[in-house]
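Undergrad: Need coordinates for the below:
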Amino acid sequence: MNRVLQPLAFRQANAWPYLAATGLIIAASLWTLFTAPAQAVGAMAGWRGGALCALATALGAVPVLVVRGLPQRLADGLLGFGAGVMLAATAFSLILPGLEAAQQIGYGRWGAAALISGSLLLGALALLGLDRVLVDEPVDAHPDAPLVPARVLVFVFAILLHNIPEGMAVGVAAGGHLPGAEGLAMGIALQDVPEGLVVALILAGAGMTRAKAVFIGAFSGVVEPFAAVLSAWAVGVSAVLLPWGLAFAAGAMLTAVAHSVIPESNRHGHGGFATLGLAIGFCLMMTLDTALG
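TA: Numbers count the residues shown, from 1 in each chain. Alright, predicted model coming up:
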């Protein structure tokens, strides 16, 4: 069976700086979670939710230091699971609250739908534009080719890009004081754990030292608290921005799932397993949104 990570000897040379940096990310995230008020609002709530996501990503990457291999089918299933969580979050934690927020500020049903649709498309175009600027090769190019360093770079960029709308979603929900903000942060953090694991496994499997692969996997989640704070501040300035912000984040997240995560989960021929993971992730996030919202 294909494996994401082939057995590799753990290289001690130059490992400690990367291990220390990974430990710093984990420590900073934990410090934020323990010191920020549990009932924080606005930008502070966004920072707290983003820190939870960053911590989950880092903790997901750490096992690569000792794990010897992960079946490719399981890795693809985990990516599918993350895609399902993100799709459910897009629908139940962003689009539906966005429609409600638009109606609360005076839009009718047709107007609210038009506003949300327009902002969602803007979010999708923004992420596609950013992807075009940073990545000069589509993620699903050459599906039968072996994973080479150039492709690894593309995949890491894709993960980094789709972590931005995740942080935006957490921040907009927190800044807008939405009842489901806590559930959204928990759901995204939950899917960040296998995401951090898979990213680090792929990097290590491509020949990168385990310590460096773990650090990059952990670092990929650092963007989330910063995106969360900026988004929470923006919607906190005016309630009018809330439906726009929710829909913009939804469009960016939807594009990230369709453009990066799902193609990567299907690239190795395990589409059925990845789709089952997607369905499970969708149901779990829907349950979290219902129970905690």
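Undergrad: residue ranges of the strands in the stretch 1-150 of the chain, please?
TA: Counting by DSSP state E, counting those that start in this stretch, the stretch 1-150 of the chain has no strands at all.
Undergrad: can you list the weak-confidence ranges in it?
TA: Residues of the stretch 1-150 of the chain meeting the criterion pLDDT under 70: 1-13, 68-70, 133-150.
Undergrad: do you know how far residue 129 is from residue 122?
TA: Using Cβ to Cβ, to the nearest Å, residue 129 is found at 10 Å from residue 122. Just so you know, the C-beta spots here come from the backbone N, C-alpha and C atoms, and that holds for glycine as well.
Undergrad: do the same with residue 166
TA: According to Cβ to Cβ, residue 166 stands 18 Å off from residue 122.
Undergrad: what about the two, which has more around it?
TA: Using other Cβ atoms under 10 Å, the more surrounded residue of residue 166 and residue 122 is residue 166, with 33 against 15.
Undergrad: could you say which helix or strand contains the residue lying closest to the more buried one once chain neighbours are set aside?
TA: Leaving aside its chain neighbours, residue 166 sits nearest to residue 188 (5.1 Å; criterion: Cβ to Cβ, 6 or more residues apart in numbering). Here residue 188 sits within helix 181-205, counting by DSSP states H and E.
Undergrad: can you list the residues that contact the following helix or strand past that helix?
TA: Following helix 181-205 in sequence order, the next helix or strand is helix 210-219 (DSSP H and E). With contact meaning Cβ atoms under 8 Å, 6 or more residues apart in numbering, helix 210-219 is reached by 8, 10-11, 14-16, 18-19, 21-22, 25-26, 57-58, 60-62, 64-65, 156, 196-197, 199-201, 203-204, 208.
Undergrad: List the contacts of residue 225.
TA: Residue 225 neighbours (Cβ under 8 Å, 6+ apart): 32, 46, 47, 49, 50, 51, 53, 54, 167.
Undergrad: Including neighbour count and distance to residue 284, could those go into CSV?
TA: Listed next are the contacts of residue 225 as CSV, based on neighbours: other Cβ atoms under 10 Å; distance: Cβ to Cβ, whole Å:
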residue, neighbour count, distance to residue 284
32, 19, 25
46, 34, 23
47, 21, 25
49, 32, 18
50, 34, 21
51, 28, 22
53, 32, 16
54, 31, 21
167, 28, 20
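Undergrad: Would you mind listing the residues in contact with residue 266?
TA: Residues near residue 266 by Cβ under 8 Å, 6+ apart: 76, 274.
Undergrad: Helices along the stretch 51-200 of the chain, start to end?
TA: Applying DSSP state H, counting those that start in this stretch to the stretch 51-200 of the chain gives helices spanning 72-88, 96-104, 109-134, 149-175, 181-205.
Undergrad: For residue 265, which of the ones you listed is the nearest?
TA: helix 72-88 (3.8 Å; Cβ to Cβ).
Undergrad: Can you list the low-confidence ranges for the stretch 151-293 of the chain?
TA: In the stretch 151-293 of the chain, residues with pLDDT under 70: 151-159, 161-162, 206-207, 292-293.
Undergrad: Verify the contact between residue 36 and residue 47 for me.
TA: Yes - Residue 36 is within contact range of residue 47, at 6.6 Å (criterion: Cβ atoms under 8 Å).
Undergrad: quick revisit: ok, the residue nearest to residue 166 to residue 234 distance?
TA: Taking Cβ to Cβ, one finds residue 188 at 19 Å from residue 234.
Undergrad: Work out for me the element the residue lying closest to residue 50 once chain neighbours are set aside sits within.
TA: Leaving aside its sequence neighbours, residue 50 sits nearest to residue 225 (Cβ to Cβ, 6+ apart; 2.9 Å). Taking DSSP H and E as the definition, residue 225 sits inside helix 223-237.
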